[in-house]
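**Q** Could you look at this predicted model? Sequence included:
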Amino acid sequence: MKSTVVKPITNRRLSRREAVVLTLAAGAGAFGSRHSDAQHPDAQHPPALITRAIPATGQRLPVIGVGTNSFTESKRMDLRVLLNRMVELGGSVVDTAPVYGESEQVIGELMADLGIRERIFLATKITAGPMSVQSPNIDPGLYGQQSLDRSLERLRTDHLDLLQVHNLQGAERLWPLLTGWKRSGKIRYIGITTATASQHAEMSALMRSLPLDFVQVDYSIANRDAASSVFPVALERRIAVIANVPFGGRAGANLTMSQDRPLPPFAVELGAADWPQLLLKYVASHPAVTCTIAGSTRLEHLQDNQAAGRGALPDAAARRRIEQYWDDQPA
Ligand SMILES: NC(=O)c1ccc[n+]([C@@H]2O[C@H](COP(=O)([O-])OP(=O)(O)OC[C@H]3O[C@@H](n4cnc5c(N)ncnc54)[C@H](OP(=O)(O)O)[C@@H]3O)[C@@H](O)[C@H]2O)c1
């Protein structure tokens, strides 16, 4: 996959205050990426990890997790370093799915190899039948049971932290199975996912009819529909939110759009050293969002992203400034 290269930031002279804050923000990044821990003076005192509580239980999660729809066997050695580094940096949320090719398998092998299963908040997905195939002959109970068994085997674990109905496919039909697994301790939380605005109304309706713990939904600076459709229901019903595609999807479209623009000067005040960090801080700062999962297969990206989950998040006024700056960019 083509990686998005984010160009260096600003072409104007920084004020003394901005320079100091930017140095601190870069330090947060360096805690992850630019120097080894031993070299960097801030490594012993990184900015505090930002966590949010899952409404159903109060369990706290770091606000930046990792999406794994591009995890493959061929990248296994790099992903081993990446996952290990993520837990070292305080991250824990890993989102995968049976339909992400080798992702579950690779994650399972690496968690076992590294001995990090209990440090990971492990989320995968399920459907009541094959994705994109409508077949009235499929028994959702049998299909769902086989799907969970296969996921547990691939992930080399006897329990999941979160099981999500992928793209809302069969949430009601799978509900008795899901609640049974939750009672027996096979899964801790139940969720549903989408990544398209056309499903937000259906998702919101399910959030009202089912006692869900989590929803996973598309949300980014360039795609704010969920803020007016799904998020108000999540806040009202006390449902945790995982924001997916925070960079606009696999190709990182939002990063491509931003790469020729200077980072806004106020980014440094928010502790964002680059565009990826600013965009993640924007997503994570919505009051309904529990965490966001940035897809990353490169170590430097993972570290950059994890650094966004430390220090401060934008308040409501700062969020508006980010939106205005984004919306003002030339088409
Ligand atoms: N319906 C659903 O349930 C659904 C649908 C879509 C996605 N998801 C979940 O959401 C996750 C996130 O979505 P996504 O991975 O498609 O898209 P994304 O997170 O919006 O963007 C991923 C892209 O951004 C790049 N990137 C990440 N960090 C970067 C950084 N610091 N600097 C520059 N580039 C960076 C990645 O490159 P590298 O790979 O080279 O690091 C990759 O090309 C998925 O992995 C999946 O777990 C769920």
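**A** Right, received. Where do you want to start?
**Q** going forward, measure contacts and count neighbours with C-alpha atoms only.
**A** OK.
**Q** Ends of stretch 92-112, what's the gap?
**A** One end of stretch 92-112 sits 15 Å from the other (C-alpha to C-alpha, to the nearest Å).
**Q** and if you look at stretch 151-161?
**A** Per C-alpha to C-alpha, the first residue of stretch 151-161 is 12 Å away from its last.
**Q** Same check on stretch 191-203?
**A** OK, stretch 191-203 end separation, C-alpha to C-alpha: 11 Å.
**Q** Is there proximity between it and the ligand?
**A** Yes. If you take C-alpha under 6 Å from any ligand atom as the test, stretch 191-203 does meet the ligand, through 193-195.
**Q** May I ask which helix or strand encompasses the residue of the chain most remote from its centre?
**A** Distance from the centre of the chain peaks at residue 137, with 34.8 Å (C-alpha atoms, centre = their mean). Per DSSP states H and E: residue 137 is located in neither a helix nor a strand.
**Q** Report pLDDT for the residue lying closest to residue 322 once chain neighbours are set aside.
**A** Counting by C-alpha to C-alpha, 6 or more residues apart in numbering, residue 282 is the residue found nearest to residue 322 once chain neighbours are left out, at 7.5 Å. For residue 282, the pLDDT comes out at 98.
**Q** ok, now the one 3 residues further on?
**A** Residue 285 is assigned 98 on the pLDDT scale.
**Q** With residue 46 instead?
**A** 86.
**Q** Pull the residues that contact the host helix or strand of residue 236.
**A** Assigned by DSSP H and E, residue 236 belongs to helix 230-237. Residues outside helix 230-237 that contact it (C-alpha atoms under 8 Å, 6 or more residues apart in numbering) are 200-201, 203-204, 207-208, 240-241, 288-289.
**Q** Quick check on the residue most central in space within the chain: phi, psi?
**A** The centroid of the chain falls nearest to residue 293 when counting by C-alpha atoms, centre = their mean (0.9 Å). Main-chain dihedrals, residue 293, degrees, to the nearest 10: phi -110, psi 110.
**Q** Let me know whether it touches residue 65 as I believe.
**A** Yes. Under the contact definition of C-alpha atoms under 8 Å, residue 293 touches residue 65, with a separation of 4.5 Å.
**Q** okay, and the common contacts of these two?
**A** By the contact definition C-alpha under 8 Å, 6+ apart, residue 293 and residue 65 are jointly contacted by 93-95.
**Q** Just to be sure, which of those are found in helices?
**A** Secondary structure defined by DSSP state H assigns none of those to helices.
**Q** can you list contacts of the helix or strand hosting residue 206?
**A** Assigned by DSSP H and E, residue 206 belongs to helix 200-209. If you take C-alpha under 8 Å, 6+ apart as the criterion, helix 200-209 is touched by 168, 192-194, 226, 229-230, 233-234, 237.
**Q** SS state for the closest residue to residue 242 other than its chain neighbours?
**A** Nearest residue to residue 242 in three dimensions, chain neighbours excluded: residue 216, at 4.5 Å (C-alpha to C-alpha, 6+ apart). Assigned with DSSP: H, G, I helix; E, B strand; the rest coil, residue 216 falls in the strand class.
**Q** How many residues are close by residue 216?
**A** Taking other C-alpha atoms under 10 Å as the neighbour definition, residue 216 ends up with a count of 26.
**Q** Please name the nearest non-neighbouring residue to the residue in the stretch 1-150 of the chain positioned nearest to the ligand.
**A** Distance from the ligand to each residue of the stretch 1-150 of the chain (C-alpha to the nearest ligand atom) is smallest for residue 67, at 3.2 Å. Among residues not flanking residue 67 along the chain, residue 295 sits closest, at 4.1 Å (C-alpha to C-alpha, 6+ apart).
**Q** With residue 196 instead?
**A** residue 218 (6.5 Å).
**Q** which parts of the stretch 151-300 of the chain sit against the ligand?
**A** Contact residues, the stretch 151-300 of the chain versus the ligand (C-alpha under 6 Å from any ligand atom): 166-167, 193-195, 244-252, 276, 293-298.
**Q** Identify the residues contacting the closest residue to residue 185 other than its chain neighbours.
**A** Nearest non-adjacent residue to residue 185, counting by C-alpha to C-alpha, 6+ apart: residue 159, 7.0 Å away. Neighbouring residues of residue 159 by C-alpha under 8 Å, 6+ apart: 152, 185-188.
**Q** quick one, strands of the stretch 201-331 of the chain?
**A** In the stretch 201-331 of the chain, the strands defined using DSSP state E, counting those that start in this stretch lie at 214-218, 240-244, 291-295.
**Q** need those strands in JSON lines with distance to residue 262 and mean pLDDT, can you?
**A** Putting the strands of the stretch 201-331 of the chain into JSON lines (distance: least, C-alpha to C-alpha, whole Å; pLDDT from 0 to 100) gives the following:
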{"stretch": "strand 214-218", "distance to residue 262": "25", "mean pLDDT": "98"}
{"stretch": "strand 240-244", "distance to residue 262": "25", "mean pLDDT": "99"}
{"stretch": "strand 291-295", "distance to residue 262": "22", "mean pLDDT": "98"}
